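A.B. asks: here is my input; please provide its structure:
(chains A and B)
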Amino acid sequence: MERVAFALIALIALGSALGLILKRNPIHGALFLVVNLGSVAALYLTLGAEFLAAAQVIVYAGAIMVLFVFAIMVLIPGKEETGPDPRRPLRWAALPAGALLLVQVLVILVGTRGPTPVGSPAPGGVEAIGRLLFTDYLFPFELTSVLLLAAMVGVLLLARRRT
Amino acid sequence: MVPESYYLALSAALFSIGVVGVIIRRNPLVMFMSIELMLNAANLAFVAFGHRLGSNDGQAVVFFVMAVAAAEVAVGLAIIVAIFRLRRRLSVDDLSLMRW
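C.D. replies: Sure thing, here's the model as predicted:
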């Protein structure tokens, strides 16, 4: 039962990822990416990471993708990629290169033994994550706020109209 | 119970698709979305490893990756919009000013 669910979600994730890179219209690509992020959130749920699943939907599928769709609508692209590609031969080299990379990563990730699995999973849930974030990872957590502030100031500076 | 190696294989596949997307697409927005795809694949691997090790540290790291991704998207999209204002076109082939 779990394997069937995993196979179904994995198929959706792979198909939407392929749709993202193969569809010519960036809006279609963005919607495919939303589907992909949602399926990855479902995978988080199957791994017992409820907090991350919620954060994935809110932060990624919500905030980040809205920003993407907004930018796509503002820039009105889609006309740029319809003409003949000046570097078509180079594109066909991408497929074997990607396949080679996939094999390499698979050998590294799955082929090696990796850490020995621990029998009992950690007591997950939002409470454990929150406790971890505010004890062991307190400094990185505070740094995150500085990072977001820097990003905000940078965006305001970039978006300012030159006078 | 699904073994973690399945999750890792799926993560590797998603990452490779993201790399291919960055290579074959010329639209900076789509390249950006492919990078998001790669970040997500790495996140999935983090969570899978955390699940295997029985610790929550993987999830904490993914939380920080999400924060960095949000900042990166905001700045990156602002840069793309600024370039578009300057050039009125949207293709990375035009942006060869800093090419060696």
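
A.B. asks: would you map out the domains in chain A?
C.D. replies: A:1-78, A:130-163 (automatic domain parsing).

A.B. asks: low-confidence ranges, chain B, go.
C.D. replies: Applying pLDDT under 70 to chain B flags the ranges B:100.

A.B. asks: which helix runs longest in it?
C.D. replies: helix B:57-87 (DSSP state H).

A.B. asks: for it, what is the distance to the chain centroid?
C.D. replies: 9 Å (CA atoms, centre = their mean, to the nearest Å).

A.B. asks: want to throw the domains of chain A into a markdown table with mean neighbour count, mean pLDDT and distance to chain B?
C.D. replies: The C-beta positions use only the backbone N, C-alpha and C, and glycine is treated the same way. Output for the domains of chain A, formatted as a markdown table (neighbours: other CB atoms under 10 Å in any protein chain shown; pLDDT from 0 to 100; distance: least, CB to the nearest CB, whole Å):
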| stretch | mean neighbour count | mean pLDDT | distance to chain B |
| --- | --- | --- | --- |
| domain A:1-78 | 19 | 89 | 3 |
| domain A:130-163 | 13 | 89 | 4 |
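
A.B. asks: including distance to residue B:51, could those go into TSV?
C.D. replies: Putting those into TSV (distance: least, CB to CB, whole Å) gives the following:
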stretch	distance to residue B:51
domain A:1-78	5
domain A:130-163	15
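
A.B. asks: about what we covered before: so does the longest helix of chain B get close to chain A?
C.D. replies: Yes. Judged by CB under 8 Å from any CB of the partner chain, helix B:57-87 and chain A are in contact via B:57, B:59-60, B:62-64, B:66-75, B:77-82, B:84.

A.B. asks: buried ones in that helix, by neighbour count?
C.D. replies: Buried residues in helix B:57-87, counted by 16 or more other CB atoms under 10 Å in any protein chain shown: B:58-64, B:66-67, B:69-78, B:80-81, B:83-84.

A.B. asks: which residues of chain A fall in helices?
C.D. replies: A:2-22, A:26-46, A:50-55, A:65-75, A:88-92, A:94-106, A:126-133, A:138-159.

A.B. asks: hmm, who's touching the longest one?
C.D. replies: Contact with helix A:138-159 is made by A:133-134, B:64, B:67-68, B:70-72, B:74-75, B:78-79, B:81-82, as judged by CB atoms under 8 Å, 6 or more residues apart in numbering or on different chains.

A.B. asks: just so I know, which of the helices of chain A lies nearest residue B:18?
C.D. replies: For residue B:18, the closest of those is helix A:2-22, at 7.3 Å, according to CB to CB.

A.B. asks: how big is the angle separating the closest one from helix A:26-46?
C.D. replies: Helix A:2-22 runs at 160 degrees relative to helix A:26-46, counting by axes from the mean of the first three to the mean of the last three CA atoms, to 10 degrees.

A.B. asks: contacting residues for the residue sitting nearest the centre point of chain A?
C.D. replies: Among the residues of chain A, the one closest to the centroid is residue A:37, at 6.1 Å (CA atoms, centre = their mean). Applying CB under 8 Å, 6+ apart to residue A:37 gives the contacts A:56-57, A:60-61, A:65, B:40.

A.B. asks: on the three-state scheme, residue B:96 is what?
C.D. replies: With DSSP: H, G, I helix; E, B strand; the rest coil as the basis, residue B:96 sits in coil.

A.B. asks: also residue B:36?
C.D. replies: helix.

A.B. asks: surely it touches residue A:64?
C.D. replies: Yes. Between residue B:36 and residue A:64 there is a contact at 7.1 Å, judged by CB atoms under 8 Å.
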